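Visitor: After the sequence you'll find the predicted model.
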Amino acid sequence: MSPPPSPGESGGPALELLVHGVGGATPQEMLGDARTVRITGDETAAVYRRADDTDAEAHPQETRESPVPEAYVWSNLTSGNSARALWLLLLPFMVVNLAHWMLPSGRGGVRTVRLYGVLVRLVALSLTVLLVAAACEVALDLTAWQCAGSPGCSDGKSWLGFLAAAHGGWWAQPGRRLAAAALVPTALTALLWYLSNRTWSAYESQQPLGDDARAAAAGEPGEAGDTDAGDIEAGEGGRPALGRPGFWYGRRLVARLRAAHTAAGFLTVAAALTVATAAFDRRSSATLLEAIGWLLQATLLVAAAVVVWVVCRRGRTETRLDEELDRAVVTLLPGGALTLLALSAVYAAWSRPGWRSGGTLPGDRAFGILTLAQLALVVVLAAVAMAMYRRAPHTRTALRGLGGPAVALLACALGGVMTGGVAQRVADWLDGPGTPGMGRTSSITGPPVLLSWQASVIPVLLFLLLLPIAYYALRTVRREHRIARTLMTDYPGEKPDTVRTRQIAGVRARAQLTDAAPPFVGIVSAATLLLGAGALVGSWLSDEVPGRAADTAPGFIASAADAVQAAGSWLVGLGFILFVALGRRAYRDASARRSVGILWDVGTFWPRAAHPFAPPCYAERAVPDLTWRMFTWTDLTGGRLVISGHSQGSVLAAAAVWQLPARTRRRVALLTYGSPLERLYGRWFPAYFGPDCLDGLHGEVPCWRNLWRATDPIGGWVMRGGDIDRGPLLDPVAYGRTREHPLPDPVLGHSDYQADPAFAEERTALLDRLTATVPRQTPHRAPARPGAEDPAAGRVRAVRADPPGTAD
């Protein structure tokens, strides 16, 4: 793609800093030149220039006519080496971390905001326990307890021979089998710790723009407000949340949460060992072992309470760079939990000649208790979110403030499906031709019945979702027809073509499906809540899988129960196979790994404030990179800078501009295109990108223009009725074949905004406005206060289409 045209004449050096969006781009593509040079950065993220522009600042007379283009390439932050395919395992953790940032507003009071954060962190902790408990279910219950203890299951499995009860030997006792199998969930917990610690060193430890740099750029009113907001997770007063010095520096909190979640994983494995062993000791005459069992269980409860206290005790510190580390917590908590796990393994492995395994592993009710706790936490979270929304309601807020609780519930459901799917697939594989839980044909009892009930509600959920899907499909068709009737008014003088008209109208209509996401997510969450509660009640009342529980029911109900159980098991198995296949392909194929990276581009923008095992926040590297580059370049040259962000790059650009000192912000213009700032982030994260926040950013960066298209399913307007937006831009530019466009123009949608003439016009206008408002100065000297600004230049031919967010 060729670089955009040069802007008009202006004074002083000028720089255009390009930031790509989701999916990434190469510096050659962004700069339109095959010869590029890395100016600063590393293999993970760097700034590039054309080879001819490496020393452009040394020749200002040659660059005054046009800005020097630079490309910030950050795609390797989300789609790099093969090990990142393992991030697929962390999907529920990423989703629950998003819920933390979806609080309705920062005006709910300090205590309410902190309560919201505590509740989300507790939901996140429950997901860690759920994942490790599922690993315990597979390794300890299904494999070591049930299959190794059943000759019908262990026969023919040579890899299980040394644990099989029928073969005798030292490992044949149930406790020793459990102790050996505990290595699997322990290794899983250690792997999660390793992934979190490795990414923490590369991401959270990156220094934002420091206090020294801010102090050097200070000297005008408003800069001192950076430290007046109060040590809360969001709220009023001082700088906006994204402008606080410590917002993109979560080193201390991630370390604390990682220690707590690692300890929770080890304690879950220790509890699985201790509860099962102590249950036998209470039935036997071994008084000493029974006393040890009670002591271990009491110690585990105390340790669990400490973990919960650590999770609830401290949130994020944003008003300053918190360099401290809670070394006692970071070291002693996981170390103490691992010591308890080792003691539990020794206790379980102690010789008990009369112990025999049968049925399910004692303690299988833990899944039901965990599910009940998750549902209760989500309900309380919803009540808190509703109270916060009532204090600062806004019609554009997704789900009237319930976006966070809805997403937290979906994270729990996703975790349940993933863990339950693994348990059911392993049980089916171990049992061979039998069906676990369905009677005498099975050689093993199978996983807890709750997991079968949860899988059985999946077909019901999919059936219920057919109604809203059909509704939105019908509404899209109606909108397409309405757009098609008026489309030719955007292309006067063109000869109508039915196929071409339907193509353009269809793209515009489908682009507006993005605005239907909030109600659809609400429907899915409500159905998930009701069906999940029903599955929990059904499993507790019947203590049987759905097919067995409905044996005495009328024929239609019994057949329906068998059908949903079989379909649910099949769907869970299919999902598990697809998940493994995607992970394997992403591990081997760079293009597939980049496709996975697109998902992380959207989901991992936010810091790890709720779950330390979530994929790392790339913005904690990208935002400081951009901030440092803008600050140092303007400080060294005294020039003007346009930061130009596409798609997710526009969100990074806005976040970086928020972090700049006021003096630097006056020399920076913001050009966004295909931007989800309002359409996605403003609706789902109103406390950080809501109307007040974006209006405040516009007040701090008056030189801001935003381009959007009606065919774009991601980008949209930023401030309706303001002077920021230019659009909707005409797409395609030409309806049919013309002298200027002899071949059919594609419908660009979300891509290639720089090819539109409006891009170069707005960039030139922004540089001219910076020239008018910021006088020429000698580098390193404080600039004069800006004067009155000219109105934004540029107009666009109106496109007749519903703007994003317009309902029928």
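Guide: Yep, that arrived.

Visitor: Arg50: what's it in contact with?
Guide: 31, 33, 35-37, 69 (Cβ atoms under 8 Å, 6 or more residues apart in numbering). To be clear about C-beta, it is placed using only N, CA and C from the backbone, and glycine gets the same treatment.

Visitor: and if we set it to 6 Å?
Guide: 31, 33 (Cβ atoms under 6 Å, 6 or more residues apart in numbering).

Visitor: can you check Tyr688 too?
Guide: By Cβ under 6 Å, 6+ apart, the neighbours of Tyr688 are 241-242.

Visitor: in which helix or strand would I find it?
Guide: Applying DSSP states H and E as the criterion places Tyr688 in helix 686-689.

Visitor: Please apply the same query to Val47.
Guide: strand 46-50.

Visitor: Gly716 now?
Guide: Residue-wise, Gly716 maps onto no helix or strand under DSSP H and E.

Visitor: now it: how far from Asn706?
Guide: 9 Å (Cβ to Cβ, to the nearest Å).

Visitor: With adjacent residues omitted, what lies nearest to the most centrally placed residue in the chain?
Guide: With distances taken as Cα atoms, centre = their mean, Gly603 lies nearest the centre of the chain, 2.6 Å away. Nearest residue to Gly603, sequence neighbours excluded (Cβ to Cβ, 6 or more residues apart in numbering): Met94, at 4.7 Å.

Visitor: average pLDDT across the helix or strand in which Glu620 is found?
Guide: Using DSSP H and E, Glu620 maps to helix 619-637. Here helix 619-637 scores 93 as its mean pLDDT.

Visitor: same check, this time on stretch 687-697
Guide: Per-residue scores along stretch 687-697 average to 92.

Visitor: Tell me which residues of that stretch come out buried.
Guide: Neighbour-count burial for stretch 687-697 flags 687-694, 697 (criterion: 16 or more other Cβ atoms under 10 Å).

Visitor: and Leu242, how many neighbours?
Guide: The number of residues packed near Leu242 is 22, by other Cβ atoms under 10 Å.

Visitor: Checking it next. Helix, strand or coil?
Guide: Put simply, Leu242 is helix when judged by DSSP: H, G, I helix; E, B strand; the rest coil.

Visitor: Okay, now the unreliable bits of the stretch 101-250 of the chain?
Guide: 106-108, 202-205, 210-238 (pLDDT under 70).

Visitor: quick one, helices of it?
Guide: For the stretch 101-250 of the chain, applying DSSP state H, counting those that start in this stretch gives helices covering 110-136, 151-154, 174-181, 183-202, 211-217.

Visitor: do the same with the stretch 251-400 of the chain
Guide: 251-283, 287-313, 327-349, 366-391.

Visitor: now those as JSON lines including mean neighbour count and mean pLDDT?
Guide: Shown next, in JSON lines, are the helices of the stretch 251-400 of the chain (neighbours: other Cβ atoms under 10 Å; pLDDT from 0 to 100):
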{"stretch": "helix 251-283", "mean neighbour count": "24", "mean pLDDT": "93"}
{"stretch": "helix 287-313", "mean neighbour count": "16", "mean pLDDT": "95"}
{"stretch": "helix 327-349", "mean neighbour count": "19", "mean pLDDT": "94"}
{"stretch": "helix 366-391", "mean neighbour count": "19", "mean pLDDT": "95"}
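
Visitor: what's the closest of those to Ser158?
Guide: helix 327-349 (23.1 Å; Cβ to Cβ).

Visitor: by contact count, what packs against the closest one?
Guide: Counting contacts by 3 or more Cβ pairs under 6 Å, 6 or more residues apart in numbering; DSSP states H and E, helix 327-349 is packed against helix 174-181, helix 251-283.

Visitor: C-alpha coordinates for it, CSV please?
Guide: The C-alpha trace of helix 327-349 is given here as CSV (Å, rounded to 0.1, in the frame of the first residue of the first chain):
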residue,chain,number,x,y,z
ARG,A,327,7.9,-10.5,49.2
ALA,A,328,6.4,-12.3,52.2
VAL,A,329,3.2,-13.1,50.4
VAL,A,330,4.9,-13.8,47.0
THR,A,331,7.3,-16.3,48.6
LEU,A,332,5.7,-17.8,51.7
LEU,A,333,2.1,-18.3,50.4
PRO,A,334,2.9,-20.6,47.5
GLY,A,335,5.8,-22.2,49.4
GLY,A,336,3.6,-22.9,52.4
ALA,A,337,0.8,-24.3,50.2
LEU,A,338,3.3,-26.6,48.4
THR,A,339,4.6,-27.8,51.8
LEU,A,340,1.0,-28.7,52.8
LEU,A,341,0.6,-30.5,49.6
ALA,A,342,3.7,-32.6,50.2
LEU,A,343,2.5,-33.4,53.8
SER,A,344,-0.9,-34.4,52.3
ALA,A,345,0.8,-36.7,49.8
VAL,A,346,2.8,-38.4,52.6
TYR,A,347,-0.3,-38.7,54.7
ALA,A,348,-2.2,-40.3,51.8
ALA,A,349,0.6,-42.7,50.9
